[in-house]
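Student: no sequence for this one, just the structure:
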């Protein structure tokens with residue numbers, strides 16, 4: 001490779017070339033690893049001067065322009081030249097001298113000197129000893145290079161002090177700015193502020209770079225209020241924020257939770273085409289994610305790419321985390337593919353975000369694949385990530401996989417089970433009806449120092465209910481009260497669900513527990529299980545109950561109450577509850593009608609509620625015929641084709657047998673799973689032949 005020197009008027013090299021004959025071809029020569037070429041002159045002349053740059057620092061007495069200083073500082077003290085390059089004969093005796101005097105060599109020696117300052121004792125004596133090797137005629141740009149490459153916040157101020165004594169800088173603020181960068185690298189805001197005070201005491205006026213450095217230092221220290229304080233000082237010291245400072249402040253305001261100001265500056269940044277760094281984009285994405293505006297996250301992500309900014313791993317991880325919170329695993333998949341296609345390798349944070357995204361949305365296979373890939377790469381999962389996997393397994397019914405993950409957690413040596421871990425395992429055992437295993441896990445939990453919480457006790461109630469061990473359900477309820485835990489709506493809903501599976505002669509045991517836990521629910525149950533005291537308006541009592549419940553449990557509790565009515569052959573109350581549920585929008589769009597088809601939609605209903613809805617629908621069809629209304633060509637019942645995660649049964653399978661008992665002419669559609677269809681003629685004939693419909697009890 002040829003020895004490379006840049007042209008400059010500061011150095012001259014005189015080389016005489018031999019005279020050549022008239023053809024003047026282009027000759028090429030090789031000398032070792034160096035190559036060069038020249039064209040023979042067309043007349044008997046000598047090549048007088050070749051300009052070669054040693055890129056030495058500008059002498060102290062030369063005037064340095066503001067623009068040059070800024071460019072020099074921006075490039076980390078290593079200036080660039082726009083002048084042309086030439087080849088120099090490496091065998092020339094002066095090539096070695098030029099190489100020694102070149103700026104690259106000098107720059108390297110200055111960087112090594114900065115490294116020595118970083119590693120020496122923080123004393124004036126040691127710092128002076130190292131810098132004395134520069135001699136007395138230290139150039140300003142050499143000082144900038146040294147300070148700019150330092151990392152030690154203790155020795156940097158001492159080096160600055162020494163250099164200030166040796167040189168007369170044309171713009172002393174640059175020396176302060178590069179020293180302040182050392183404090184930013186080490187996230188030392190206190191020293192940065194002290195240096196700023198020293199500047200003012202010495203009469204050195206700060207510039208925009210000074211403020212942007214100290215603001216970004218506060219930003220890196222996660223002190224947004226401090227950054228805003230410095231931002232507000234700028235006008236009083238004669239500095240107007242530039243686009244670099246404003247861009248940094250977008251990040252600062254977002255971190256401080258001042259969303260309006262952050263978005264206002266961001267809109268301005270887009271309009272005026274400021275350069276925004278990836279850290280700011282990442283903060284904006286997190287800001288939108290924390291506020292629940294996940295579409296905002298996607299918009300920032302797409303705008304970032306449109307502006308030509310290349311996402312980094314931090315951006316990708318932030319987006320994966322946001323899509324996980326939004327429960328949009330399909331978008332997390334797409335973003336992950338973009339990340340891999342862009343040449344980035346997934347980090348632990350990437351995998352953790354993917355696990356959370358897939359786990360929250362019950363993407364079981366995808367979550368397990370991520371888990372296996374992490375294990376193959378030797379990554380250690382935290383207890384939180386193990387719990388995310390176990391909770392997902394509990395939600396989707398992956399019992400075997402959950403037990404393997406639990407054993408891996410215990411043998412990992414880096415994580416330990418906590419109360420959430422045991423809660424997930426007990427839930428899985430309980431939903432599977434494995435009483436002894438659930439009890440054994442509860443004992444292991446207590447031996448590990450954890451008391452059962454309401455989630456664990458809710459799972460145990462469900463487990464004992466499945467096993468028809470009603471006395472143990474009551475004991476679990478009393479245990480909850482003894483622990484000082486207040487039963488919540490979900491716990492009461494679980495007790496009510498157990499009642500739908502309990503023999504009639506034991507219902508009073510559970511209704512007594514529910515009356516203690518939720519008096520309003522207990523009042524409604526008294527009307528169903530035993531004679532109510534005095535005049536009771538059942539619909540009013542039920543309406544007040546639903547008004548007091550959280551939206552997430554209203555449908556489940558209404559389903560259970562209807563199931564209980566069906567079990568007790570109280571069809572009038574079941575129909576009344578279904579009607580009330582429709583009035584209160586607990587149930588929506590159960591029936592639909594079009595010119596071609598009338599349908600009954602049962603996907604979100606329990607078996608008892610679905611049978612009740614069928615009973616009401618058949619009555620509605622009968623009334624339509626009696627009033628002379630024409631039935632459509634097709635009638636359909638949609639039960640859905642899903643199955644319970646801990647059972648092979650679904651509503652479609654259970655419902656089909658009831659249709660057969662009713663001798664209803666509905667047949668499952670082979671092309672649409674979960675749909676039972678019949679024609680107008682078949683439906684009309686069946687309705688006319690059966691008279692008043694009667695519900696088959698569950």
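Tutor: Cool, got the structure. Please read these numbers as outputs of a predicted model, since none were measured by experiment.
Student: need the strands for the stretch 451-600 of the chain, in chain order.
Tutor: In the stretch 451-600 of the chain, the segments counted as strands under DSSP state E, counting those that start in this stretch are 591-593, 597-601.
Student: by contact count, what packs against the first one?
Tutor: Taking 3 or more C-beta pairs under 8 Å, 6 or more residues apart in numbering; DSSP states H and E as contact, the helices and strands that strand 591-593 lies on are strand 597-601. For every residue, glycine as well, the C-beta is placed using N, CA and C.
Student: so for residue 392, which of the strands of the stretch 451-600 of the chain sits nearest?
Tutor: The closest of these to residue 392 is strand 597-601. By C-beta to C-beta, the value is 28.6 Å.
Student: can you give me the buried ones in that closest one?
Tutor: Neighbour-count burial for strand 597-601 flags 598, 599, 600, 601 (criterion: 16 or more other C-beta atoms under 10 Å).
Student: count of neighbours near the closest residue to residue 314 other than its chain neighbours?
Tutor: For residue 314, ignoring the flanking residues on the chain, the nearest one in space by C-beta to C-beta, 6 or more residues apart in numbering is residue 282 at 5.1 Å. Using other C-beta atoms under 10 Å, residue 282 is surrounded by 22 other residues.
Student: contacts only, for residue 282.
Tutor: Taking C-beta atoms under 8 Å, 6 or more residues apart in numbering as the contact definition, residue 282 lies against 314, 315, 318.
Student: that one: which element?
Tutor: Applying DSSP states H and E as the criterion places residue 282 in helix 278-290.
Student: show me the contact partners of the next helix-or-strand element following that helix.
Tutor: Tracing the chain C-terminally past helix 278-290 and defining elements by DSSP H and E, one meets helix 294-306 next. For helix 294-306, the external contacting residues (C-beta under 8 Å, 6+ apart) are 270, 276, 278, 281, 284-285, 288-289, 311, 315, 318-319, 322-323, 325-326, 328, 331, 335.
Student: just the angle between helix 294-306 and helix 278-290, please?
Tutor: Helix 294-306 and helix 278-290 meet at an angle of 160 degrees, taking axes from the mean of the first three to the mean of the last three C-alpha atoms, to 10 degrees as the criterion.
Student: pLDDT averaged over helix 294-306 - what is it?
Tutor: Model confidence over helix 294-306, given as mean pLDDT, is 89.
Student: remind me which residues of the stretch 401-550 of the chain are low pLDDT?
Tutor: Low-confidence segments of the stretch 401-550 of the chain, defined by pLDDT under 70: 531-536.
Student: how about the helices in it?
Tutor: Using DSSP state H, counting those that start in this stretch, the helices of the stretch 401-550 of the chain run over residues 419-431, 435-447, 454-466, 470-482, 489-499, 507-517, 519-529, 538-548.
Student: report all helices and strands that the first one contacts.
Tutor: For helix 419-431, the contact count by 3+ C-beta pairs under 8 Å, 6+ apart identifies helix 383-396, helix 399-411, helix 435-447, helix 454-466 as packing neighbours.
Student: kindly reformat those as JSON lines containing distance to residue 209.
Tutor: Written out in JSON lines, the entries for those read as follows (distance: least, C-beta to C-beta, whole Å):
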{"stretch": "helix 383-396", "distance to residue 209": "42"}
{"stretch": "helix 399-411", "distance to residue 209": "51"}
{"stretch": "helix 435-447", "distance to residue 209": "58"}
{"stretch": "helix 454-466", "distance to residue 209": "55"}
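Student: Produce a ChimeraX select command limited to the buried residues of the contacts of residue 282.
Tutor: This is how ChimeraX selects the buried members of the contacts of residue 282, with burial counted by 16+ other C-beta under 10 Å:
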select :314,315,318
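Student: among the contacts of residue 282, which one sits closest to residue 186?
Tutor: Residue 186 has its nearest neighbour among the contacts of residue 282 in residue 314, at 20.6 Å by C-beta to C-beta.
Student: which one is residue 342 nearest to, not counting chain neighbours?
Tutor: Excluding its sequence neighbours, the residue lying closest to residue 342 (C-beta to C-beta, 6+ apart) is residue 311, at 7.3 Å.
Student: and the closest residue to residue 558 other than its chain neighbours, what is it in contact with?
Tutor: What sits nearest to residue 558 in space, not counting adjacent residues and going by C-beta to C-beta, 6+ apart, is residue 581, at 4.8 Å. Contact analysis of residue 581 by C-beta under 8 Å, 6+ apart lists 546, 555, 558, 587.
Student: low-confidence regions, the chain specifically.
Tutor: Under the criterion pLDDT under 70, the flagged ranges of the chain are 1-103, 531-536, 642-649, 691-698.
Student: that older thread, take the contacts of residue 282 and lay them out in TSV including secondary structure and distance to residue 391.
Tutor: Conversion of the contacts of residue 282 to TSV gives the following (DSSP: H, G, I helix; E, B strand; the rest coil; distance: C-beta to C-beta, whole Å):
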residue	secondary structure	distance to residue 391
314	helix	27
315	helix	28
318	helix	23
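Student: let's have the contacts of residue 282 in TSV, adding distance to residue 234.
Tutor: Output for the contacts of residue 282, formatted as TSV (distance: C-beta to C-beta, whole Å):
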residue	distance to residue 234
314	28
315	29
318	29
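Student: ok, the contacts of residue 282 vs residue 189, which is closest?
Tutor: The shortest distance between residue 189 and any of these, using C-beta to C-beta, involves residue 314 and amounts to 22.0 Å.
Student: and the closest one, what does it touch?
Tutor: If a contact means C-beta under 8 Å, 6+ apart, then residue 314 has 278, 279, 282 as its contacts.
Student: which one among those gets closest to residue 132?
Tutor: Using C-beta to C-beta, residue 279 is the member of the contacts of residue 314 that lies nearest residue 132, at 39.7 Å.
Student: any idea how far residue 225 is from the closest one?
Tutor: 18 Å (C-beta to C-beta, to the nearest Å).
Student: which of those two has more neighbours?
Tutor: Legend: neighbour count by other C-beta under 10 Å for residue 279 and residue 225, higher for residue 279 (17 against 10).
Student: share the number of residues neighbouring the nearest residue in space to that one that is not next to it in sequence, please.
Tutor: Excluding its sequence neighbours, the residue lying closest to residue 279 (C-beta to C-beta, 6+ apart) is residue 251, at 6.1 Å. With neighbours defined by other C-beta under 10 Å, the count for residue 251 comes to 26.
Student: now do the phi/psi pair for residue 251.
Tutor: Listed backbone geometry of residue 251 is phi -60, psi -40, with angles given as degrees, to the nearest 10.
Student: residues touching it, list them.
Tutor: If you count contacts by C-beta under 8 Å, 6+ apart, then residue 251 has 219, 262, 277, 279, 280, 283, 284 around it.
Student: list only buried entries from those.
Tutor: The neighbour-count test (16+ other C-beta under 10 Å) marks 219, 262, 279, 280, 283, 284 as buried among those.
Student: longest helix of the protein?
Tutor: With DSSP state H applied, the helix covering the greatest number of residues in the chain is identified as helix 607-626.
Student: partner strands of whichever helix or strand comes after that helix, with direction?
Tutor: From helix 607-626 onward toward the C-terminus, using DSSP H and E, the following helix or strand is strand 634-638. Strand 634-638 sits in its sheet next to strand 597-601 (parallel), strand 675-679 (antiparallel), going by DSSP bridges.
Student: residue 461 and residue 328, how far apart?
Tutor: Using C-beta to C-beta, one obtains 34 Å as the distance from residue 461 to residue 328.
Student: what about those two, which has more around it?
Tutor: residue 461 (24 against 19).
Student: tell me the contacts of the more buried one?
Tutor: Taking C-beta under 8 Å, 6+ apart as the test, what residue 461 contacts is 473, 476, 477, 491, 494, 495, 498.
Student: also residue 119?
Tutor: If you count contacts by C-beta under 8 Å, 6+ apart, residue 119 has them with residue 152.
Student: also residue 652?
Tutor: Under the criterion of C-beta under 8 Å, 6+ apart, the contact partners of residue 652 comprise 639, 640, 641, 668, 673, 674.
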